[in-house]
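This is a predicted model, with the sequence first.
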Amino acid sequence: MAKKTSWFEFLGSVRFAIFLLIILTVVSLVGIVIPQDLPDGQYIHQWGRLLSRILLPLGVTHVFTTPWFYLLLGLLSLNILVCAVLKLWKKMDNALKFRFLPSSQELSQFKHSFSFKTSGNEAAVKDALQGYLKKGSYAFSAQESAGAVQIAASRGKLKEIGSLLFHVSIVIIFIGGLVAKLGGYSYLSELSNGASAVVRERDFRVKSDGFKLERNNDGSVKSFKTNLSLIRFDNSVIVNKIIEVNSPLAYEGIRFYQSSYGEEPDAVENATLKISGPGIDTVSGPSVESVPFDAPAAWEKSGCTVRLLRFVPDFMIDMATHEVSSRSDKPENPALNVVLLKGKDTLFSHWVFLKYPDMHSEKEKYRVQFLDYTPLYYTGIEVRKNPGVPFIWAGILFMTFGIFCMFYVAKRNLWIFIEKKEGGEAVVSLAGSSNREHAGFDMEFDRIKTEVEQFVLKGGK
Amino acid sequence: MGNPANLELQFFWWAFIGYSAACLTYIVFLVSGKSKVSATATGLMAVAFVLHTAAMVLRAVVLHRIPLTNMFEYINLFAWFAAVFYFAVLYLYRWQIVGAFICPVIFMLMVAGSLLPKDVEMQLVPALQSYWLKIHVTVAALGEAAFVVAFAANILYFIKNGLSPDSPFSQRLPDLRKLDQLSYKAITVGYPLFTVGALFAGAIWAEQAWGSFWSWDPKEVGSLIVWLVFTAYLHARLVKGWSGTRAAVLSSIGFLCTVLTFLANLFLKGLHSYG
């Protein structure tokens, strides 16, 4: 009667593994074909009501975060673990043990075997053969029974160890992902220059000591960096690093990534103004200068002081109250509130506009034009706690080691019998097996045969 | 002396012409079966390969870095590695006819490359400024190029299997069992490289740049599909004893997934959309 496969055996079977791999492939295809994580409205618009009512509850719009997807990964882990316990462990254990054959008759069962006579005495032949095995990096063990010495040798045990490591590592990586999901967090912290924010679950703050954006000649972004500090609540600095993309700061299990940046909506780094009027015009006409934001600046040699009081990116004024505000955070209509002073006299105090440089009353004696500005940037720091990182790293390292052992190490087993014959002669018989494909091992075994004969004849030299 | 930036593209076009000529010559060989013709084709491949190598070296000189950052450069690398494997197969097996089937794949890659923008980007966007980029792209392309060899062997398998054994063309093809072995071997070379290069090096780099090993970005999922298919293939083959047509069909599906994923940048958005 055929043995019935138990449920436990099925869980660890390759049949179940292939079934899961196919399902995962199909799910992944769905995840590519259907754009993921869009607002529901877009799907309903595209598919119509009826189809959406069927598809949306299934989670096809976010397949990789649905409970049933986690269930699939759980089943795959279970499959791997059961298989590791039932099969892979045994295979590795067998590979690590020396399996002696009951008698030299067994050797003829092998596809690859040979034997030859030698005049050397048994002990010398044994030494010579062991020398050969050592040279070929075989592990071996010898035993004596019924007047014959048997040596069992093997090479390439790493293959089975690698296979076990490879499979178990997949589960380790899943555990890493799960640990990250349950015990980790990540959020974006947007910091102005000099500003700081509390780091979640920690007794320190993250502070930006300045953001720097570098551009190429064509205006594209070359790099962006933040001089980042972690500070205690008494403002003492714990650690400081200039972070950029590909170079985060790590401290106490929290990593700080340079993630994004943006323009401050209510300040600029500096602005370029053109001012004309009595006592300011030079021989060549009105003068142009760059002025820092919100700090009194002397205007050339005129004895005047300029101050940029306010900035709005998208100017809007309430006609009733004359209250100025910004319609949006986009630089649609950048405006500056500029004050020009000489001693205690206010010479000019108005809003000036980048896009409308000529919008001024003719009555004004002084004319201020807003020519250009350098935005002041805030930095976007991704604060991330991922307790799964060590698992994932371990998984990746084990799996890399395992996969190369599995595919690039060939396993070989050799069995050698040395039988004493009358007249001081000995017969050496040898058989080998390998998981290499036959054509390859045919050639290798021929080489082993020649080498062994030479080694024995020369007495191990 | 010409400008190296223009020279580099000239070499690309010469290599392109070389591969096309080799491809045509191989077709003549397939029809005629004359060994002289196949020797000519192999010679043309060698010339094209040298020109192709020169094009890549010149581009590296112009850029002051290894050119691996846009689809044109990546497709060049892929085709170049496929050519390396072509010569490896030729050296190991002396099967001219396998070359006749790897060569068209290289040619098609070159055609795809020729249609892409070839401008040199002197400055990389910040995310690409990482040595993990080099490891990720190079090792992944090497693995994918090994899958090209498997695919060529599969196609030959299907042809030989479909023809009557007495037909003269069938007799010029290698033994079915050997083709099956070649396909399997190419996958055992490609699979570890693909796993480590495309998946692991990519994940480590993503963690450095964006703080997340895996984001289910379409190209990531595509690579995962490739991996799942070849993993299924290896289990079917090694444990269930699949070989021959069934195995060749499954591994060809894996190769088609590889090509689709490789080209995913051109029609899918996501973290990999660099051009």
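Yep, it's here. Numbers count the residues shown, from 1 in each chain, chains lettered A, B, ... in the order given.

Where does the stretch 101-250 of chain A get nearest to chain B, residue-wise?
Closest residue of the stretch 101-250 of chain A to chain B, CB to the nearest CB: A:V245 (3.9 Å). Quick note: C-beta positions are derived from backbone N, CA and C, even for glycine.

show me what contacts the spatially closest residue to that residue that is not a sequence neighbour?
Distances taken as CB to CB, 6 or more residues apart in numbering or on different chains put B:P126 closest to A:V245, at 3.9 Å, once the chain neighbours are dropped. Taking CB atoms under 8 Å, 6 or more residues apart in numbering or on different chains, we find B:P126 in contact with A:221-224, A:244-246.

Next, format those residues as a markdown table and append neighbour count.
Conversion of the contacts of B:P126 to a markdown table gives the following (neighbours: other CB atoms under 10 Å in any protein chain shown):
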| residue | neighbour count |
| --- | --- |
| A:V221 | 14 |
| A:K222 | 15 |
| A:S223 | 18 |
| A:F224 | 21 |
| A:E244 | 18 |
| A:V245 | 22 |
| A:N246 | 20 |
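
Doesn't B:C257 lie inside a helix?
Yes: per DSSP: H, G, I helix; E, B strand; the rest coil, B:C257 lies within a helix segment.

burial of it, as a residue count?
Counted with other CB atoms under 10 Å in any protein chain shown, the neighbours of B:C257 add up to 23.

With chain A as the reference, measure out to it.
9 Å (CB to the nearest CB, to the nearest Å).

what are the phi and psi angles of the residue of the stretch 101-250 of chain A closest to chain B?
phi -60, psi 130 (degrees, to the nearest 10).

and if you look at A:V291?
Per degrees, to the nearest 10, the backbone of A:V291 is at phi -120, psi 130.

Give the buried residues for the helix or strand harbouring A:V268.
Element membership for A:V268, per DSSP states H and E: strand A:254-276. By 16 or more other CB atoms under 10 Å in any protein chain shown, the buried positions in strand A:254-276 come out as A:254-259, A:261, A:263-265, A:267-268, A:270-271, A:273-275.

In space, what's closest to B:V98 - neighbours in sequence excluded?
B:V98's closest residue in space is B:V89 (CB to CB, 6+ apart), at 5.3 Å.

Let me know the next secondary structure element after the helix or strand hosting that neighbour.
Using DSSP H and E, the element containing B:V89 is helix B:71-93. Next along the chain after helix B:71-93, taking DSSP H and E as the criterion, comes helix B:96-114.

Domains in chain B, by residue range?
Taking automatic domain parsing as the domain assignment, the ranges for chain B are B:1-123, B:130-137+B:150-275.

Of all the ones you listed, which one is nearest A:L75?
Closest approach to A:L75 among those (CB to CB): domain B:130-137+B:150-275, 14.4 Å.

and residue 140, how many neighbours?
Let's take chain A. Neighbours around A:F140, by other CB under 10 Å: 18.

look at chain B instead
Using other CB under 10 Å, B:A140 has 27 other residues around it.

Touching, it and B:P192? I think so.
No: using CB atoms under 8 Å, B:A140 is not in contact with B:P192; the gap is 11.8 Å.

Kindly state the pLDDT recorded for residue 233?
In the absence of a named chain, this looks at chain A. At A:F233, the predicted lDDT confidence score is 89.

The intended chain is chain B.
At B:Y233, pLDDT is 94.

Can you get me a residue count around it?
By other CB under 10 Å, neighbour count at B:Y233 equals 27.

can you check A:V339 too?
Count around A:V339 with other CB under 10 Å applied: 16.

Who does it form a beta bridge with?
Bridge pairing for A:V339 (DSSP bridges) gives the partners A:R307, A:S349.

confidence score at it?
Looking at A:V339, its pLDDT is 91.

what's the answer for B:I159, then?
On pLDDT, B:I159 comes in at 91.

Skipping adjacent residues, who's closest to it in space?
Excluding the flanking residues, the one nearest B:I159 by CB to CB, 6+ apart is B:L173, at 6.7 Å.

Repeat that for A:D37.
Counting by CB to CB, 6+ apart, A:D37 lies nearest to A:H62, which is 5.5 Å off, once chain neighbours are set aside.

Distance of B:Y86 relative to chain A?
21 Å.

wait, doesn't that residue sit right on B:I106?
Yes: using CB under 8 Å, B:Y86 makes contact with B:I106 at a distance of 7.1 Å.

Identify the contacts common to those two.
Counting by CB under 8 Å, 6+ apart, nothing touches both B:Y86 and B:I106.

downstream neighbour of the longest helix anywhere in chain A in the secondary structure list?
When chain A is parsed with DSSP state H, its longest helix is helix A:158-183. Next helix or strand after helix A:158-183 toward the C-terminus (DSSP H and E): strand A:185-191.

helices or strands up against that next one?
strand A:205-215, strand A:254-276, strand A:367-385 (3 or more CB pairs under 8 Å, 6 or more residues apart in numbering or on different chains; DSSP states H and E).

burial count for A:L50?
There are 8 residues near A:L50, going by other CB under 10 Å.

For A:V237, see how far away B:G33 is.
To A:V237, B:G33 is 78 Å away according to CB to CB, to the nearest Å.

burial count for the closest residue to A:F204 other than its chain neighbours?
Once flanking residues are discounted, A:F204 sits nearest to A:L230: 5.0 Å by CB to CB, 6+ apart. Using other CB under 10 Å, A:L230 has 21 neighbouring residues.

Wasn't A:L230 part of a strand?
Yes: counting by three-state DSSP, A:L230 falls inside a strand.

so it makes contact with A:I243?
No: A:L230 sits out of contact with A:I243 when judged by CB under 8 Å, with a separation of 11.3 Å.

what's around B:V189, how many residues?
For B:V189, the count of nearby residues is 21 (other CB under 10 Å).

oh sorry, the question was meant for B:F101
By other CB under 10 Å, the residues close to B:F101 number 21.

Likewise for the one 10 residues further on?
The burial metric for B:V111, expressed as a neighbour count using other CB under 10 Å, is 14.
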